[in-house]
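please find the sequence and the predicted model below.
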Amino acid sequence: MFRRGPGCGCFGCGGSLLVLLALLGAAWVFVLRPAQDFLAGVRGPQSTQTQSTQTQSTQTQTAPPQSTQPQSAPQTGTTVGDALTRTDVQKFVRVRRKVRDALGPQFAELQTLLTEIQAGQTPNVLQVGTLLRNMTGGVTQARAAQAAALDAEGLTPERYATVRFAVNRALGLPTIDFVQVAESLQRGQFPDLTKSVQTASPKEKELVAPFARELRATAAAGLLGL
């Protein structure tokens, strides 16, 4: 009568190793690789924008005092921590329109996910991996559209993010950023997606109210940090 050695399990030592390798392979294909590709799509346009900014800075330093080179829209006087203003919301709405258009048909998948999250359904790791894989191409285009729109509106990405948080509060929406989710997955962690809705100030609600209908319709773009 033959007996298996201790600790080998019902598949034997070799079988257990194969199961482990299969699980690791599935994690790479369905979760880790999509997260990696998604983040590459997110960071690509930002890297390009940073290099462009550095090049423009160098050109400015070497240009003569009477330079007539065209310049981008001036930045507003607001800083990241300033209170929300009507102008902020108006600019945010215009940028969101560009982002929504750039996402195209992929926006519907984001909208479905946001509806499920609002209904209390938490996506599992495979659903998140599928979303990241499907959004890889779209997020690259959307980020590029956002960068151009922010430049046209004179908004920094940091100020835009601050306004987005305020808009979400005013609309009673959770703030979930799948860029941060993808980064967590790369570290082997699955973040908590059951975030509670934060309370908005009366002023934030007042400023967002005239645009609430449109902002709710484009809110799903915020899942990508857009």
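Arrived safely, thanks for sending. Numbering: from 1, shown residues only.

how about the contacts made by Glu116?
Going by Cβ atoms under 8 Å, 6 or more residues apart in numbering, Glu116 touches Pro123. The way it works is simple: take the backbone N, C-alpha and C, and place the C-beta from them, glycine included.

which strand or helix spans it?
helix 107-118 (DSSP states H and E).

next, the buried residues of whichever helix or strand comes after that helix.
Next helix or strand after helix 107-118 toward the C-terminus (DSSP H and E): helix 125-153. Buried residues in helix 125-153, defined by neighbour count with 16 or more other Cβ atoms under 10 Å: 128-133, 135-136, 138-150, 153.

what is helix 125-153 packed up against?
Applying 3 or more Cβ pairs under 8 Å, 6 or more residues apart in numbering; DSSP states H and E, we find helix 125-153 packed against helix 33-62, helix 86-103, helix 107-118, helix 157-171, helix 178-186.

least reliable of those helices going by mean pLDDT?
In terms of average pLDDT, helix 33-62 trails the rest of the helices and strands packed on helix 125-153, at a mean of 52.

what strand or helix carries Ile176?
Using DSSP H and E, no helix or strand contains Ile176.

list the contacts for it?
Ile117, Leu193, Lys195, Gly222, Leu223.

can you rerun that using 10 Å?
Residues in contact with Ile176, defined by Cβ atoms under 10 Å, 6 or more residues apart in numbering, are 113-114, 117, 123, 168, 191-195, 222-225.
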